[in-house]
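Visitor: fold the following and give me the result.
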Amino acid sequence: MFPIEELTYIKRLGGLTNLNFLVAHKGKKYVLRFPAHELETIIDRQHEKDNQEIAAEIGVTVRNVVFTTDGIKMTPYYEATADLTREMFVTPEYLEKVAAVLFTLHSSTREFTNRFDYWDEVEKYKRTLSELPSLYVLLEERVRKLMEGERQEYVPCHMDSVTGNFIHNDARELLLIDWEYSANYLPEWDLAAFILERELSESEEQQLLDFYGLPESAKQSLDLQKIKTDFLWSLWSLVKEQEDPSLETYTAKRTERLLENLEQYYSLYGHE
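Guide: Residues are numbered from 1 along each chain as shown. From the prediction side, this is the model:
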């Protein structure tokens, strides 16, 4: 349907993991994604494709125009997305929109095709690394201890709900894209991922949680997901550093915040 020679290149788009391009075909614009080869042993493309289709049926994302077996993907491009800035996401209007998208996803009666196994993902990154630094060995021990007895009430989750994965469609509705890491898991994970990446203040975080309707009883789980998120993505960044040393700063930032949040967690909930 879309021979590569018929696509008109417009420009390169951003993205930490993949190569993304804005292209045109017969007067319509699309985002063309080529997946990063170094993560192909970590990401299941069939799960990504299936989950995105389910998320589209739920109403929180766009449908694929093309999705090949090796993960090359093309989706519609919406001009309104160009007006969406990081600064907007800390306003009450957009905190409410983000909360609504995540709540719609999490409260759906649908299930994704896979369940997220936190320690299985950790092991995937560890296998890709030649050696795990001693600090992360210690951090892994602490995270394992904190996760003992964690509840397993799983719902469809995006698992990478950062600001760069939100877009506007032509109706200026907020949608989520890039379902590479999606799976059934704890809903607090998606909230934690957004809070950390956008670096919300305490008041902004509380606004988001109020719009979402997170019960007070889930606050400890939210704080734990922040720790787990930073630990996992620190390992992801260590893997990426092997090909892109400039990510060292990103790894350090994640790790420093992880250490800070661990101390805060201990002070609030104790060590056991």
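
Visitor: grab the nearest non-local neighbour of the residue sitting nearest the centre point of the chain.
Guide: Centroid-nearest residue in the chain: D160, 0.4 Å away (criterion: C-alpha atoms, centre = their mean). Of all residues not flanking D160 in the chain, Y181 sits nearest, at 4.8 Å (C-beta to C-beta, 6 or more residues apart in numbering). From N, CA and C alone the C-beta is placed, and that goes for glycine too.

Visitor: again, but for H106
Guide: Closest to H106 by C-beta to C-beta, 6+ apart is P187, at 4.1 Å.

Visitor: could you measure from that neighbour over to R151?
Guide: Using C-beta to C-beta, to the nearest Å, P187 is found at 11 Å from R151.

Visitor: quick one, which of these two is more surrounded?
Guide: Taking other C-beta atoms under 10 Å, P187 and R151 do not tie; P187 has more neighbours (23 against 8).

Visitor: quick check: the more buried one touching C157?
Guide: Yes. Contact criterion C-beta atoms under 8 Å: P187 and C157 qualify, at 6.4 Å.

Visitor: mind listing the shared neighbours of these two?
Guide: H106 (C-beta atoms under 8 Å, 6 or more residues apart in numbering).

Visitor: mind listing what R257 touches?
Guide: Taking C-beta under 8 Å, 6+ apart, one finds L196, D230 in contact with R257.

Visitor: any buried residues in whichever strand or helix holds it, and which?
Guide: Element membership of R257, judged by DSSP states H and E, is helix 248-269. Using 16 or more other C-beta atoms under 10 Å as the test for burial, helix 248-269 gives Y250, T251, R254, T255, R257, L258, N261, L262, Y265.

Visitor: the residue lying closest to the second one once chain neighbours are set aside and L247, how far apart?
Guide: The reference is to T251. Using C-beta to C-beta, 6+ apart and skipping residues adjacent in sequence, the residue nearest T251 is S237, 4.0 Å away. Between S237 and L247 the distance is 5 Å, computed by C-beta to C-beta.

Visitor: more neighbours: these two, which one.
Guide: Taking other C-beta under 10 Å, S237 and L247 do not tie; S237 has more neighbours (21 against 18).

Visitor: can you confirm the residue nearest to D160 is in a strand?
Guide: No. Checked against DSSP: H, G, I helix; E, B strand; the rest coil, Y181 lies outside a strand; its state is coil.

Visitor: just to revisit the earlier point, tell me which element the residue nearest to T251 falls in.
Guide: helix 219-241.

Visitor: so what angle separates the directions of that helix and helix 248-269?
Guide: Orientation check (axes from the mean of the first three to the mean of the last three C-alpha atoms, to 10 degrees): helix 219-241 against helix 248-269 gives 160 degrees.

Visitor: how far away from the center of its chain is helix 219-241?
Guide: Distance of helix 219-241 from the chain centroid (C-alpha atoms, centre = their mean, to the nearest Å) equals 11 Å.

Visitor: which residue sits closest to T128 in space, ignoring its chain neighbours?
Guide: V239 (4.8 Å).

Visitor: make that Y269, sorry
Guide: Using C-beta to C-beta, 6+ apart, the nearest residue to Y269 is Q220, at 5.8 Å.

Visitor: then K226?
Guide: With C-beta to C-beta, 6+ apart, the residue lying closest to K226 is A192, at 4.5 Å.

Visitor: that neighbour contacts S221, correct?
Guide: No. Contact criterion C-beta under 8 Å: A192 and S221 do not qualify, at 9.0 Å.

Visitor: sorry, back to before: for the residue nearest to H106, what are its contacts?
Guide: L102, H106, V155, C157.

Visitor: just L258 next, same as before
Guide: So L258 contacts L139, I227, D230, F231, S234 (C-beta under 8 Å, 6+ apart).
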